[in-house]
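In: Turn this into a model:
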Amino acid sequence: MKHFSKPVFCAIFLLMLASSLKAQDPRFSQYYASPWNLNPALTGVFNGRWRATINYRDQWNSVLSPVPFRTYAAAYEYRVEVANEDYASFGIGAMHDEAGTARFVQNKVHLGGAYLKKLSGGPRRASHYLSAGAQLGMGQNSIDWSQLWFSRQFDPGTQTPDYSAANGEANANANSAAYLDFNAGLLWYMVFDNDGYFYAGGGMHHLNAPVISLVENNSETLYSRWTGHAGGLFPVSHNLALMPSVLVMKQGPSLEATPGVNVRYSNNDYNEVAVRAGMFARVANKLDKSMHVDALTVVGMLEMNRWTLGLSYDITVSKLAVANNNRGAFEVSLMYFQPAEKRARVVCPRF
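Out: Down below sits the predicted model:
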């Protein structure tokens, strides 16, 4: 009996998975620490002149090492005041995602902008704000075909694949053409007198349903993805606050919700230092089946004036836990805010 090697099995598994999921978007458990990828309307929603964000995710290393699923993202945003308490923001963001032995890669680069307007507010009254944003960019998907072998390349004499032999596949070495990608979103938030706030927003990604086929003569398109998210900061004492939030996403047949809460402790000093700790649950459907809890995410964050560092770990609680011993994904996020030259009257949430 002939046995497939682990790399070949993982490659076949990846191709089957990619076929059934139709290139679902990469995701971050710390979605609130990746505003560029969450909602285009979050562009420029920060207190300062500019913001830089970096995110990294390493998933399923316990079962797919040394080639786990890895996601890298970076964004830069700049905002300017264009009217009394109104701001225009501009930014650029990029994402690189690679999965499995076959190195299925998704690359995306977007330019974006948003407009933030104050709707109402005043002394001893909550202030309301509305932001609308859009992103336009390019994407491209590929597979490292050199990591794959096919039945025609199997040498029965040595019972190993001969990578130098022709694979006879008509679509071998085919990758997707560069495609145009368009996203848009809205965000509303209110700020209370006690420095608490509440926000709610939503976005639509891949509105133009771009073609992302990896083979020739195919019109496979990327599902549009909609997101809805809400949350806030609610002080319970001078130093302590609760930061609940929830994200709901749907892309094609896939539906996912991520509710949770962070507890935030701050010294409330001019040079503020704060720490957060919390837990989130990822609830997802099994395509045409009912919802189930897929993972629990434990998160810790450190805020030091201009910097915010976040670390999190996904604990698998689904049936996959039998294979990976509850080991899911590790994430790290880093944000930097450059203060404005003068204190802005428009106050933004700190996600």
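In: Output stretch 188-204 as CSV, nothing but the C-alphas.
Out: The C-alpha trace of stretch 188-204 is given here as CSV (Å, rounded to 0.1, in the frame of the first residue of the first chain):
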residue,chain,number,x,y,z
TRP,A,188,-21.3,56.3,13.8
TYR,A,189,-20.1,57.0,17.3
MET,A,190,-21.0,59.0,20.3
VAL,A,191,-18.7,60.3,23.1
PHE,A,192,-20.0,60.9,26.7
ASP,A,193,-19.0,63.5,29.3
ASN,A,194,-17.2,60.9,31.3
ASP,A,195,-14.9,60.0,28.3
GLY,A,196,-16.8,56.9,27.6
TYR,A,197,-18.0,56.2,24.1
PHE,A,198,-20.2,53.9,22.0
TYR,A,199,-19.8,53.1,18.3
ALA,A,200,-21.5,51.0,15.5
GLY,A,201,-20.6,50.6,11.9
GLY,A,202,-20.5,48.3,8.9
GLY,A,203,-18.7,47.8,5.7
MET,A,204,-18.9,46.0,2.4
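In: Pull out the buried positions in that stretch.
Out: Buried residues in stretch 188-204, defined by neighbour count with 16 or more other C-beta atoms under 10 Å: Trp188, Tyr189, Met190, Val191, Gly196, Tyr197, Phe198, Tyr199, Gly201, Gly202, Gly203, Met204. C-beta here means a position set from N, CA and C on the backbone, and glycine is covered the same way.
In: Which residue is the nearest non-sequential neighbour of the first one?
Out: So the one you mean is Trp188. Leu130 (5.3 Å; C-beta to C-beta, 6 or more residues apart in numbering).
In: Quick check: next helix or strand after the worst-scoring helix or strand of the chain on mean pLDDT?
Out: When the helices and strands of the chain are scored by mean pLDDT, DSSP states H and E, helix 6-21 comes last with a mean of 40. Next along the chain after helix 6-21, taking DSSP states H and E as the criterion, comes helix 35-38.
In: Touching that next one from outside, list them.
Out: With contact meaning C-beta atoms under 8 Å, 6 or more residues apart in numbering, helix 35-38 is reached by 28, 31-32, 42-43, 45, 53, 55, 73, 75, 77, 91, 93, 95, 110, 112, 203, 227, 229, 247, 351.
In: next one: stretch 224-238
Out: For stretch 224-238, the external contacting residues (C-beta under 8 Å, 6+ apart) are 25, 31-32, 38-39, 185, 194-207, 209, 241-251, 264, 268, 349-351.
In: Please pick the buried ones from the residues you listed.
Out: 25, 31-32, 38-39, 185, 196-199, 201-206, 241, 243, 245-251, 264, 349-351.
In: Run a quick neighbour tally on Pro68.
Out: Pro68 has 18 neighbouring residues, counting by other C-beta atoms under 10 Å.
In: my bad, His238
Out: Counted by other C-beta under 10 Å, the residues lying close to His238 total 9.
In: any idea how far Phe192 is from it?
Out: Noted for His238: a distance of 15 Å to Phe192, by C-beta to C-beta, to the nearest Å.
In: And for Tyr313?
Out: Taking C-beta to C-beta, one finds Tyr313 at 33 Å from Phe192.
In: same question, Ser89
Out: Taking C-beta to C-beta as the measure, Ser89 falls 24 Å from Phe192.
In: same check, this time on Trp226
Out: For Trp226 relative to Phe192 (C-beta to C-beta), the value is 29 Å.
In: before we move on, what about Thr308?
Out: Distance of Thr308 to Phe192, given as C-beta to C-beta: 22 Å.
In: ditto for Ala200
Out: Ala200 is 15 Å from Phe192, where distance means C-beta to C-beta.
In: same check, this time on Asp269
Out: For Asp269 relative to Phe192 (C-beta to C-beta), the value is 21 Å.
In: Please consider this matter closed, and thank you.
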